[in-house]
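# I would like to see how this sequence folds:
(chains A, B, C and D)
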Protein chains: 2
Amino acid sequence: MPNAQDVLFRTLADPTRRALFERLCREGEQTVGSLTAQSGVSQPAVSKHLGVLRQAGLVRDRHEGRQTHYSAQLGALAPLIDWTSQMAGFWQSRFDHLEDLLKRMDQ
Amino acid sequence: MPNAQDVLFRTLADPTRRALFERLCREGEQTVGSLTAQSGVSQPAVSKHLGVLRQAGLVRDRHEGRQTHYSAQLGALAPLIDWTSQMAGFWQSRFDHLEDLLKRMDQ
DNA sequence: TTTATCCATAGCCAACGGGTTATCGATTCC
DNA sequence: GGAATCGATAACCCGTTGGCTATGGATAAA
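Alright, predicted model coming up:
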């Protein structure tokens, strides 16, 4: 059972898939056909990528007749931001300890 | 020629590799041996991962006799933060335009 | 009702990636 | 100097994954 960061990093690691997500962020809701037209890969490939993005919570789908509209779910990026902050936090913490140590050595 | 986000996402997508980076962030500089001991994979595997992390700029190596010390380079995460901000920015921008449109329609 | 469009799924294949063992150069210890 | 340790590289294996074509189900158009 992979954690949230795992899913996000793996999902966003593929350039084609990340490009699809970026486009949905930039331009808002899009149909599969519209996304396929500019993607450089086949429609099934796009559908598969959108499925992966959906499972990661990064996009939502909305069915309207025979077309499916996808839109970005920005909130799903939260674990990514959390992880980055955590790494920065660890680093800062070690830095603080070092400062502390140097301060005590100085006395 | 992959861009910076590409390299970062791909590099951090692997759980073992990300765990190595996390440990270096938490605990600071470590030798390959020390990292291997807690990693659950073989020493060559660890070396390979560290090589990938180094090429991504996420770690630095320091040679001291026959051991190599690795440490995290937190600054290398910048493109990741940039990308996330950018996605949030696009989203916000679209929201602003929508607000604007609604405001104009209201008049 | 028949035809055309949209998208998802199935099935297949080639490439990539992460793991292993074996080995080697370099250093340190005896 | 000889033995042992450290870490990087080579060579290999196998599972995953991202691409494709073919197809089918559902809806819209004719």
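
# Give me the residue ranges of chain A where confidence is low.
Scanning chain A for pLDDT under 70 picks out the ranges A:1, A:96, A:98-99, A:101-107.

# how much space is there between the residue of it found nearest DNA strand D and A:S39?
Ranked by Cβ to the nearest atom of the strand, the top residue of chain A for proximity to DNA strand D is A:G65, at 2.6 Å. From N, CA and C alone the C-beta is placed, and that goes for glycine too. The spacing between A:G65 and A:S39, counted by Cβ to Cβ, to the nearest Å, is 22 Å.

# Tell me the secondary structure at A:S71.
Counting by DSSP: H, G, I helix; E, B strand; the rest coil, the backbone at A:S71 sits in strand.

# Assign the closest residue in space to A:V52 that isn't next to it in sequence to helix, strand or coil.
Excluding its sequence neighbours, the residue lying closest to A:V52 (Cβ to Cβ, 6 or more residues apart in numbering or on different chains) is A:T11, at 5.8 Å. Classification of A:T11 using three-state DSSP returns helix.

# Just want to check the distance between A:T11 and DNA strand C.
Relative to DNA strand C, A:T11 is positioned 14 Å away (Cβ to the nearest atom of the strand, to the nearest Å).

# give me every residue that touches that residue.
Counting by Cβ atoms under 8 Å, 6 or more residues apart in numbering or on different chains, A:T11 makes contact with A:R17, A:V52, A:L53, A:Q55, A:A56, A:L58.

# same thing but 7 Å
A:R17, A:V52, A:L53, A:A56, A:L58 (Cβ atoms under 7 Å, 6 or more residues apart in numbering or on different chains).

# Which one (most neighbours) among those?
Among those, A:L58 has the most neighbours (other Cβ atoms under 10 Å in any protein chain shown), with 27 neighbours.

# Surely it touches A:F21?
Yes - contact criterion Cβ atoms under 7 Å: A:L58 and A:F21 qualify, at 5.7 Å.

# For those two, list the residues in contact with both.
By Cβ under 7 Å, 6+ apart, the residues touching both A:L58 and A:F21 are A:A72.

# Residues of chain A that sit close to DNA strand C?
Residues of chain A found near DNA strand C (Cβ under 7 Å from any atom of the strand) are A:31-33, A:36, A:43-44, A:47-48, A:50-51, A:61, A:66-68.

# and the residues you listed as JSON lines, adding secondary structure and neighbour count?
JSON lines is the format used below for the residues of chain A next to DNA strand C (DSSP: H, G, I helix; E, B strand; the rest coil; neighbours: other Cβ atoms under 10 Å in any protein chain shown):
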{"residue": "A:T31", "secondary structure": "strand", "neighbour count": "15"}
{"residue": "A:V32", "secondary structure": "helix", "neighbour count": "17"}
{"residue": "A:G33", "secondary structure": "helix", "neighbour count": "11"}
{"residue": "A:T36", "secondary structure": "helix", "neighbour count": "19"}
{"residue": "A:Q43", "secondary structure": "helix", "neighbour count": "13"}
{"residue": "A:P44", "secondary structure": "helix", "neighbour count": "9"}
{"residue": "A:S47", "secondary structure": "helix", "neighbour count": "13"}
{"residue": "A:K48", "secondary structure": "helix", "neighbour count": "14"}
{"residue": "A:L50", "secondary structure": "helix", "neighbour count": "23"}
{"residue": "A:G51", "secondary structure": "helix", "neighbour count": "12"}
{"residue": "A:D61", "secondary structure": "strand", "neighbour count": "14"}
{"residue": "A:R66", "secondary structure": "coil", "neighbour count": "6"}
{"residue": "A:Q67", "secondary structure": "strand", "neighbour count": "11"}
{"residue": "A:T68", "secondary structure": "strand", "neighbour count": "16"}
